[in-house]
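S.K.: Based on what follows, work out the 3D shape:
(one chain, ligands or ions: 1)
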Amino acid sequence: MDVLHTSVMGDEVLRYLAPENEQGELLIDATLGEGGHSELFLKQHPGLGVIGLDADGVILERARERLAPFGGRVKLEQAWFDEYLANYSEDERPTRVLFDLGISIFHYRASGRGFSFSVDEPLDMRLSPSAEMSAAEFIASAPESRLAEVFFLYGEERFSRRFARAIVGRRVERPISTAKDLADIIWSASPAQYRHGRLHPATRSFQALRILVNSELERLPKALQHACRVLAIGGRIGVISFHSLEDRIVKHFFREISKACICPPELPICKCGGTARFEVLTKKPVYPSDEESRDNPPSRSARLRVIRKLAEPIGQAEVTSA
Ligand SMILES: C[S@@+](CC[C@H](N)C(=O)[O-])C[C@H]1O[C@@H](n2cnc3c(N)ncnc32)[C@H](O)[C@@H]1O
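M.R.: Numbering: from 1, shown residues only. So this is what the prediction gives:
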C-alpha cells in the first residue's frame, strides 16, 4: 500500500506517550487514519497492544493492511471516537489515548469525497455514511444566515456573509454539487486582494463545512471526557490539534479537569477533597520542530497537549451531595 499521509510530530508523541512498562499496556489510537502513529508505537514498544479507531471505514482498511504484521496486538474498529469511548466497557483500561485530529492527506488526495477545493469531486465530506448530511445537502438547503454563521464560526472566515450570499444566488440557477463548483463560486465572490493571498479563498469555508458535516467540535469534548473516565490511573492522553477552534477546546478542557477543586462555586467550603485528579504535562503546547515544519508543511499548524491521570475523578453528583 502507498502511504499518503506523513504522521505529524512522531518523535514528540512517542516521547510524551511512551508506555512505562514493557508488557501489558494498551494504546487507544482514536484517530487511526492510515495507522502511522500506531505503527511507530508498535515497532518501538513490542509489548504494547493497540486499539485503532476511525470513523472512516475506507481508511481503516488501509491501516489494517499496514498493521497486519503486528497480528493480534492490534484491534481495529470503525467508530466515531466519542461514541466508542462512551460505550467502552472492556476490562482492560487504556494507559495511553492519542487523538490526532482532523483528516488525513488520504482524504484530500484519494477519498473522492470533495475535501479538496482543487479537485472536481462530489461535495460530500462525510467521514462516515452515518454522518447526518453531506456538504452538498447543507449547501443546497441551509438559509443564507446559517451558511454565513457556519463559515464564520467554524472557518473564522471574514467574508462569510459575502460567500453565503453568492452561494444562495447561484443555487437557484443550478445545484452546487462538486467541490470545484463551490470553490469557483467562492473565488468569484472574493475581493481581488483575497484571491492572491497565502491561502485559496475557499480554504476556510471548506474547513468549516468539514467540521460541520462531521460534528467535529461537538464530538471532541465528549471524547475527551470519556477518555479521561476510561483511562487507567497513571495513564496519559495526547491531543494533536490543527486549528485554534480545536486547540481552544483541548486547552480549556485540560485546564478545567486538572483543577484541584471541582466544587460548584456556590459551595461555601470545598467538599471534593481538593486533590487534583489530572495533571497537564504540557503547560505550553508542543510544536513541531523547524525541520519537520519544513519537510512536512501540513505539520506547521500542529500542536500537541498532554495530560496525565493521577486518580479517579469524583463525579459532580458526589460533590454536590457530599
Ligand atoms: C490526521 S488523521 C490521523 C493520521 C494518523 N495519526 C497517522 O499517523 O496516520 C485523522 C483521522 O481521524 C479520523 N477521524 C476524525 N474525526 C474522527 C472521529 N470523530 N471519530 C473517529 N475518527 C475520526 C479521520 O477519518 C482521519 O482518518
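S.K.: who's in contact with the closest residue to residue 171 other than its chain neighbours?
M.R.: Among residues not flanking residue 171 along the chain, residue 140 sits closest, at 6.2 Å (C-beta to C-beta, 6 or more residues apart in numbering). Every residue, glycine included, has its C-beta placed from N, CA and C. Neighbour list for residue 140: 171, 175, 176 [criterion: C-beta atoms under 8 Å, 6 or more residues apart in numbering].
S.K.: The last one contacts residue 183, doesn't it?
M.R.: To tie it back to what came earlier, the one meant is residue 176. No: counting by C-beta atoms under 8 Å, residue 176 does not reach residue 183; the two are 10.2 Å apart.
S.K.: of these two, who's got more company?
M.R.: residue 183 (23 against 19; other C-beta atoms under 10 Å).
S.K.: Distance check, that one against the ligand.
M.R.: 22 Å (C-beta to the nearest ligand atom, to the nearest Å).
S.K.: Make 20 the starting number, not 1.
M.R.: With the count now opening at 20, the last piece we talked about shows up as residue 202.
S.K.: in what helix or strand does residue 30 lie?
M.R.: Take DSSP states H and E as the rule and residue 30 turns out to sit in helix 29-36.
S.K.: go on, residue 205?
M.R.: When elements are assigned from DSSP H and E, residue 205 belongs to helix 198-208.
S.K.: Tell me the helix or strand right after that helix.
M.R.: Downstream of helix 198-208, the next assigned helix or strand under DSSP H and E is helix 211-214.
S.K.: Now that following helix: buried residues?
M.R.: residue 213 (16 or more other C-beta atoms under 10 Å).
S.K.: downstream neighbour of that helix in the secondary structure list?
M.R.: Defined by DSSP H and E, the subsequent element after helix 211-214 is helix 222-232.
S.K.: Are that next one and the ligand in contact anywhere?
M.R.: No: for helix 222-232, no contact with the ligand is found by C-beta under 6 Å from any ligand atom; the gap never falls below 9.5 Å.
S.K.: what does that helix contact?
M.R.: Taking C-beta under 8 Å, 6+ apart as the rule, helix 222-232 contacts 122, 134-136, 144-145, 150, 152-154, 157-158, 169-170, 172-176, 179, 182, 198, 201-202, 205, 235-236, 262, 264.
S.K.: Would you mind checking the residues you listed for buried ones?
M.R.: Those of those that meet the buried threshold are 122, 134-136, 144-145, 150, 152-154, 157-158, 169-170, 173-174, 176, 179, 182, 198, 201-202, 205, 235, 262, 264, by 16+ other C-beta under 10 Å.
S.K.: From those, which land in strands?
M.R.: Judged by DSSP state E, strands contain none of the buried ones among the contacts of helix 222-232.
S.K.: Flag every residue of the protein that's near the ligand.
M.R.: 24, 26, 50, 52-56, 72-75, 78, 99-100, 119, 121-123, 146, 238.
S.K.: ok, for residue 206, nearest residue in space, not its chain neighbours?
M.R.: The shortest distance from residue 206 to any non-neighbouring residue, by C-beta to C-beta, 6+ apart, is to residue 220 (5.7 Å).
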